[in-house]
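*Asks:* whatever this is, show me its structure:
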Amino acid sequence: MNISANDFPLVIRPTNDCTTVADLFRAYRSHLEGAVLSAGALLFRDFRRSILSEILEVIDGMSHLQAGALVEDKAPIIAKIYDAAPVPPAENIRFHVDIIKQNVWPRKMFFLCHIPAQQGGATLLADCRQVYSRIDPGIISTFEKKQVLIKRNFRRDLGKTWQQAFQSEDRTAVETYCVEAGISCEWVGPEWLRTSLVVPAVITQRVTGAKVWANNALYFHAGPGPRESADGELSSNSFYGDGTHIPTTVIQQLAAAYASESSAVNWQRGDVLLIDNTAVAHGRAPFTGDRKISVGIAELSTISEVAGPTAKELRHSPF
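*Replies:* Residues are numbered from 1 along each chain as shown. Predicted structure coming up:
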């Protein structure tokens, strides 16, 4: 392997014996899995262009994830591989970790660039272990005590219906899912579902022992991201776990912590990015022109498998 040290993400280029990403994983799987655990993200560049079946082979070597797993905001192409979220090109996507419908998260995520944007469109990465270290200890302490409450409204004029979010037309099935996932849900109207979920703000990685700012409080907070309807309802908002508002100054510090650790992946055609989704958040810069990125998920895991004892009760969901 040809590795550019001290980069984030760590950049890996081909050698004579490994001309594709799949070849590299066949030869060096354990080394690469160790590298992504420590570095957080690996960018495979200048390899012979990968096809989806080759990336699926790599994922299958890591994962017991079953075909048909539902990932919010992503359209499936083939089993375990999806189109990136269809957020309008002019919009910025805030930093977040991806959560899937089965109430657990994928430890690993692959991004495959088919078409880089004409301008902009970088995938932004932030190591949440470093983000944690940049947040004021007093703010950390408050969040650890109170946790994080995420509220969401699913309604057509707010950007997403409950049918789209849960990929179901069955209200009873949605209610059952919410109960099993620890999500409070309320039918405000026939086509209006409101959900609430309390999650810890910080986890401890079981393997590394590192503290990780592992929540989507900033992503879901009111502001430029969530949509607002004519009646003043927001598509989402975040609060302290006791329902009290998170001060604007705190949200600003969280945004600054992510920004301080932000690194841009300016895509080239054929690039493959692998991230540790339990330690690295990602976002997207606005762009112009065509842009096509596929996303693969691997190593579906429960919170107890990836986190220390302080986070054993964390219930993962897309909410």
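*Asks:* low pLDDT regions in this structure?
*Replies:* The chain contains residues with pLDDT under 70 at 1-6, 51-52, 61-81, 100-104, 223-226, 302-319.
*Asks:* that one - how does it break down into domains?
*Replies:* Following automatic domain parsing, one gets these domains for the chain: 2-88+104-118+266-310, 131-255.
*Asks:* rebuild those domains as a markdown table, extending it with mean neighbour count.
*Replies:* From N, CA and C alone the C-beta is placed, and that goes for glycine too. Formatted as a markdown table, those follow (neighbours: other Cβ atoms under 10 Å):
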| stretch | mean neighbour count |
| --- | --- |
| domain 2-88+104-118+266-310 | 18 |
| domain 131-255 | 17 |
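*Asks:* closest to Leu124 out of these?
*Replies:* Using Cβ to Cβ as the measure, domain 2-88+104-118+266-310 is the one of those that comes nearest Leu124, at 4.3 Å.
*Asks:* coming back round to it: dump the domains of the chain into CSV; add distance to Val97 as well.
*Replies:* Below are the domains of the chain laid out as CSV (distance: least, Cβ to Cβ, whole Å):
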stretch, distance to Val97
domain 2-88+104-118+266-310, 5
domain 131-255, 6
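*Asks:* show me the beta-bridge partners of Lys108.
*Replies:* In this structure, Lys108 bridges to Asp276, Ala298 when assessed by DSSP bridges.
*Asks:* so who does it touch?
*Replies:* Going by Cβ atoms under 8 Å, 6 or more residues apart in numbering, Lys108 touches 36, 59, 62-63, 274-277, 297-299.
*Asks:* what do you get if the cut-off is 10 Å, keeping everything else the same?
*Replies:* By Cβ atoms under 10 Å, 6 or more residues apart in numbering, the residues touching Lys108 are 33, 36-37, 58-59, 62-63, 274-278, 296-301.
*Asks:* any idea how far it lies from Glu261?
*Replies:* Distance, Lys108 to Glu261, using Cβ to Cβ, to the nearest Å: 20 Å.
*Asks:* likewise for Leu234?
*Replies:* To Glu261, Leu234 is 27 Å away according to Cβ to Cβ.
*Asks:* hang on, Val174 packs against Trp162?
*Replies:* Yes. The pair Val174 / Trp162 is scored as a contact, 6.3 Å apart, by Cβ atoms under 10 Å.
*Asks:* what's the overlap in contacts for these two?
*Replies:* Counting by Cβ under 10 Å, 6+ apart, the residues touching both Val174 and Trp162 are 154, 168, 185, 187, 193, 195.
*Asks:* out of those residues, list just those in strands.
*Replies:* 154, 185, 187, 193, 195 (DSSP state E).
*Asks:* doesn't Val207 lie inside a strand?
*Replies:* No. Read with DSSP: H, G, I helix; E, B strand; the rest coil, Val207 is coil and lies in no strand.
*Asks:* wait, what's in contact with the nearest residue to Ser229 once chain neighbours are set aside?
*Replies:* Among residues not flanking Ser229 along the chain, Asp157 sits closest, at 5.0 Å (Cβ to Cβ, 6 or more residues apart in numbering). Shown in contact with Asp157 (Cβ under 10 Å, 6+ apart): 191-192, 227-231, 233, 235.
*Asks:* let me know the closest of those to Val212.
*Replies:* Closest approach between these and Val212, by Cβ to Cβ: Ser235, at 26.2 Å.
*Asks:* so what's Val280 closest to, chain neighbours aside?
*Replies:* Using Cβ to Cβ, 6+ apart, the closest residue to Val280 is Gly40 (4.4 Å).
*Asks:* again with Leu274
*Replies:* Nearest to Leu274 is Leu42, by Cβ to Cβ, 6+ apart, at 4.6 Å.
*Asks:* likewise for Ala222?
*Replies:* Excluding its sequence neighbours, the residue lying closest to Ala222 (Cβ to Cβ, 6+ apart) is Asn237, at 4.7 Å.
*Asks:* go on, Pro14?
*Replies:* The shortest distance from Pro14 to any non-neighbouring residue, by Cβ to Cβ, 6+ apart, is to Phe47 (4.9 Å).
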